[in-house]
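[1] Have a look; sequence and predicted model below, questions after that.
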Amino acid sequence: MAAAKDGVGARRTWSLDERQRIVDEALAPDASVAAVARRHGLNANLVFKWIRRARGGSTGDARQRRGFDGLAADVAQVLRADPYSGVAFVFRSKRGDYVKILAWDGSGLCLFAKRLEKGKFVWPPIVEGALQLTAAQLALLIDCAC
């Protein structure tokens, strides 16, 4: 549940259904996010945040601040995949100079990170919001940065 201020010192919680209804209302043709937010007593930035989440999660940079639990939740909720399946999930920063890899090794989650001092990771084109790499492609991605 999300919380929003509703008067001095009070917090209002919004269920997932309520948030989705507000997002749908804000995304309607000719709707103004600011007007929808005012109608519900919300800050427009909160409504924009809910819209971003509804469209597939937060930005890549926000994911770079996340640890094991946050990235595992992203894998489950955004990608609709099992973070404990043994598949390695790679997250790239917007600038392309930082990656995190989340993988299950059979006994626990592993989190690997690499930040380049110069250049960017060479990233293949992403089709339909996801990209599947072979082990060789992943090794090439990590080793060969331009």
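    Happy to help now that I have it.
[2] List the buried residues in stretch 77-97.
    Neighbour-count burial for stretch 77-97, counted by 16 or more other Cβ atoms under 10 Å, picks out Val78, Pro83, Phe89, Val90, Phe91, Arg92, Ser93, Gly96, Asp97. From N, CA and C alone the C-beta is placed, and that goes for glycine too.
[3] Report the mean per-residue pLDDT for the host helix or strand of the fourth one.
    Under the criterion of DSSP states H and E, Val90 resides in strand 89-92. Model confidence over strand 89-92 averages 86 on the pLDDT scale.
[4] Based on its surroundings, how many neighbours for Trp50?
    Per other Cβ atoms under 10 Å, the neighbour tally for Trp50 reads 21.
[5] measure it to Trp14 for me?
    Per Cβ to Cβ, to the nearest Å, Trp50 is found 8 Å from Trp14.
[6] okay if I get the buried residues of stretch 77-97 as CSV plus distance to Thr134?
    CSV is the format used below for these (distance: Cβ to Cβ, whole Å):
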residue, distance to Thr134
Val78, 23
Pro83, 20
Phe89, 15
Val90, 12
Phe91, 18
Arg92, 17
Ser93, 23
Gly96, 20
Asp97, 23
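[7] Next up, phi/psi of Asp97, please.
    Note on Asp97: backbone dihedrals following degrees, to the nearest 10 are phi -100, psi 10.
[8] Return the residues in contact with it.
    By Cβ atoms under 8 Å, 6 or more residues apart in numbering, the residues touching Asp97 are Arg115, Leu116, Gly119, Lys120, Phe121.
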